[in-house]
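1. please work out how this folds:
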Amino acid sequence: MVTPLGNDPESTWKNLVAGESGAGPITHFDASEYPVRFACEAKDFEPTTWMERKQARRMDRFSQLALSAARMAEADSGISIAGEADRVGAAVATGIGGLYAFEDCFQTLLERGPDRTSPFSIIQIIPNMAAAWISMELGTRGPLLTETTACAASNMAMGDGMDAIRLGRADVMFCGGTEAPITRVGIAGFTAMRALSQRNDDPKRGSRPFDADRDGFVMGEAGAVLVLEELEHARARGAKIHAELLGYGASSDATHVTEPDPTGENPARAMQMAFDDAGISADDVGYVNAHGTSTPLGDPAETRVLKLALGEEKAYATPVSSTKGATGHTLGAAGAVEAIFTIFALQQGLLPPTINYETADPSCDLDYIPNEARSTEIEIGVSNSFGFGGHNACVVFRRWDEAA
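-> Just a heads-up that it's a prediction; the model follows:
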């Protein structure tokens with residue numbers, strides 16, 4: 001993955017558990033006249049590390065982030081795609097797509113006229129192109145899918161990949177998400193809907209999930225990809241297995257375009273579906289990576305969801321953290337980023353903290369692992385993602401133990 005905390009999984013994880021923040025003043029454009037002037041940018045990201053310069057020029061930044069992450073995942077997996085390309089696919093999500101290219105196309109249209117717009121504009125803008133570039137560059141010829149279900153998208157992409165393998169349509173799926181929304185339109189639009197924190201004088205403390213003084217999320221950008229593989233196929237080639245994806249659940253709120261279900265029942269149903277799919281009970285859950293965006297409505301709503309899905313007693317006893325305090329909200333990439341964090345937590349027995357948690361909120365009263373990582377051996381980890389429009393998705397991972 002490429003994130004505001006690092007340009008690979010290891011450095012990202014190291015900075016996450018150290019309590020670092022990826023936030024800072026916006027450098028992608030001149031934000032001096034904007035009400036919000038900070039974000040969580042991917043720093044020193046150089047796409048030509050992972051692709052030819054000619055290819056990079058033809059891609060929007062969201063596709064560059066995704067392809068870079070996919071190349072890392074391919075290298076880590078050790079898989080040889082060429083010999084079985086028909087059985088290898090990709091499901092790569094995004095919430096928005098090519099905002100950079102959209103802005104460039106529209107500005108060129110206004111300033112220079114329709115004849116001067118780039119012939120690459122549309123293929124840079126459309127949301128499916130991150131998955132498409134991964135397929136073309138890696139040579140996969142199996143199922144090729146894109147979820148655009150807002151902030152739940154990459155959890156749903158992992159669900160799609162899991163289903164493709166279970167249904168026999170593929171043996172291997174490159175699954176994840178990507179987003180590059182730190183643009184004039186992205187910042188202005190989310191600011192107008194009062195979704196973003198406005199702590200311009202203290203960016204690193206802007207994202208404060210579950211804290212009483214939260215005032216909105218901090219925009220982030222990232223690309224993250226996991227390789228899902230049928231177990232016996234992985235064993236046959238001697239693959240390095242990081243964790244087992246046990247279950248997936250999805251539901252919808254049918255409530256409001258942006259506000260969460262006030263009852264918590266529908267997101268809790270997605271969690272219960274994931275538990276049932278995984279063959280576990282709430283008592284088996286050792287850690288929850290929460291959606292936890294740092295919004296006034298969202299964080300107490302998710303607290304209600306966890307109490308419904310786990311039961312109140314178990315909810316109070318289960319460690320929960322939101323890593324968006326460190327990464328900001330990476331929208332369609334968030335689920336994949338946080339899935340990798342959950343897998344690291346399982347592997348290392350180290351739970352990432354919720355940074356910037358300073359003042360308790362009576363409506364958010366669970367164990368949010370405040371500010372410092374916690375050493376705890378766990379077997380089962382759960383990751384939630386909820387999106388505008390009422391999209392809910394939950395994935396369940398188990399620590400891999402070959403002997404078991």
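2. just the buried positions in the lengthiest helix in the chain, please.
-> In the chain, assigned by DSSP state H, the helix with the most residues is helix 61-77. Buried residues in helix 61-77, counted by 16 or more other C-beta atoms under 10 Å: 61-74, 76-77. In this view, the C-beta of every residue, glycine as well, is placed from N, C-alpha and C.
3. which helix or strand in the chain has the lowest average pLDDT?
-> The weakest-scoring helix or strand in the chain, judged by mean pLDDT, DSSP states H and E, is helix 53-57 (a mean of 93).
4. of all the residues in it, which ones are buried?
-> Per 16+ other C-beta under 10 Å, helix 53-57 contains these buried residues: 55-56.
5. name the helices or strands packed onto the longest helix of the chain?
-> For helix 61-77, the packing partners by 3 or more C-beta pairs under 8 Å, 6 or more residues apart in numbering; DSSP states H and E come out as strand 88-93, helix 99-112, helix 129-138, strand 172-179, strand 222-229.
6. winner for burial among those?
-> strand 172-179 (a mean of 34; mean count of other C-beta atoms under 10 Å).
7. that strand: how far from the chain's middle?
-> Relative to its chain's centre, strand 172-179 lies at 10 Å (C-alpha atoms, centre = their mean, to the nearest Å).
8. show me what that strand is packed against.
-> Using 3+ C-beta pairs under 8 Å, 6+ apart, strand 172-179 sits against helix 61-77, strand 88-93, helix 129-138, helix 153-166, strand 222-229, helix 334-348.
9. now render the ones you listed as TSV, adding mean pLDDT and distance to residue 195.
-> TSV is the format used below for the helices and strands packed on strand 172-179 (pLDDT from 0 to 100; distance: least, C-beta to C-beta, whole Å):
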stretch	mean pLDDT	distance to residue 195
helix 61-77	98	19
strand 88-93	98	20
helix 129-138	98	23
helix 153-166	98	17
strand 222-229	98	18
helix 334-348	98	14
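10. nearest to residue 183, out of those?
-> Nearest of these to residue 183, taken as C-beta to C-beta: helix 61-77 at 8.9 Å.
11. shaky segments in this protein?
-> Flagging of the chain using pLDDT under 70 yields the residue ranges 403-404.
12. the residue lying closest to residue 382 once chain neighbours are set aside: which element?
-> Of all residues not flanking residue 382 in the chain, residue 288 sits nearest, at 4.9 Å (C-beta to C-beta, 6 or more residues apart in numbering). According to DSSP states H and E, residue 288 maps onto strand 287-289.
13. following that strand, which helix or strand comes up?
-> helix 298-310.
14. contacts for that following helix next, please.
-> 209-210, 214, 260-265, 267-268, 271-272, 275, 282, 285, 288, 290-293, 315, 318, 320, 322, 361, 363-366, 384, 386 (C-beta atoms under 8 Å, 6 or more residues apart in numbering).
15. how about the nearest residue to residue 358 once chain neighbours are set aside, what does it touch?
-> Once flanking residues are discounted, residue 358 sits nearest to residue 211: 5.8 Å by C-beta to C-beta, 6+ apart. Applying C-beta under 8 Å, 6+ apart, we find residue 211 in contact with 294, 356-359, 361, 364.
16. now with 6 Å?
-> 357-359 (C-beta atoms under 6 Å, 6 or more residues apart in numbering).
17. out of the residues you listed, who's nearest residue 42?
-> Of all the contacts of residue 211, residue 357 has the smallest distance to residue 42: 24.4 Å, by C-beta to C-beta.
18. extract the C-alpha set from the least confident helix or strand of the chain and format it as PDB.
-> The C-alpha trace of helix 53-57 is given here as PDB (Å, rounded to 0.1, in the frame of the first residue of the first chain):
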ATOM      1  CA  ARG A  53       6.700   7.000 -17.200                       C
ATOM      2  CA  LYS A  54       4.600   6.800 -20.400                       C
ATOM      3  CA  GLN A  55       2.000   4.700 -18.600                       C
ATOM      4  CA  ALA A  56       2.000   7.000 -15.500                       C
ATOM      5  CA  ARG A  57       1.200  10.000 -17.700                       C
END
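19. can you name the residues bridging to residue 229?
-> For residue 229, the beta-bridge partners are residue 172 (DSSP bridges).
20. so it makes contact with residue 172?
-> Yes - the pair residue 229 and residue 172 qualifies as a contact (C-beta atoms under 6 Å) at a distance of 4.8 Å.
21. quick one on the thing from earlier: PyMOL command for the buried members of the contacts of residue 211?
-> Applying 16+ other C-beta under 10 Å to those leaves a buried subset, and the PyMOL line that selects it is:
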select buried, resi 357
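22. turn the contacts of residue 211 into JSON lines, columns for distance to residue 394 and secondary structure.
-> Formatted as JSON lines, the contacts of residue 211 follow (distance: C-beta to C-beta, whole Å; DSSP: H, G, I helix; E, B strand; the rest coil):
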{"residue": "357", "distance to residue 394": "23", "secondary structure": "coil"}
{"residue": "358", "distance to residue 394": "28", "secondary structure": "coil"}
{"residue": "359", "distance to residue 394": "28", "secondary structure": "coil"}
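23. now render the contacts of residue 211 as TSV, adding distance to residue 348.
-> Below are the contacts of residue 211 laid out as TSV (distance: C-beta to C-beta, whole Å):
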residue	distance to residue 348
357	21
358	26
359	29
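24. what's around residue 365, how many residues?
-> 14 (other C-beta atoms under 10 Å).
25. let me fix that, I meant to ask about residue 116.
-> 9.
26. contacting residues around the nearest residue to residue 205 once chain neighbours are set aside?
-> Closest residue to residue 205 apart from its sequence neighbours, by C-beta to C-beta, 6+ apart: residue 356 at 5.0 Å. By C-beta under 6 Å, 6+ apart, the contact list for residue 356 reads 205, 208, 325.
27. 10 Å instead, please
-> 19, 21, 23, 199, 202, 204-211, 213-214, 294, 322, 325-326, 370-371 (C-beta atoms under 10 Å, 6 or more residues apart in numbering).
28. where does it sit: helix, strand or coil?
-> Here residue 356 is coil, with the state taken from DSSP: H, G, I helix; E, B strand; the rest coil.
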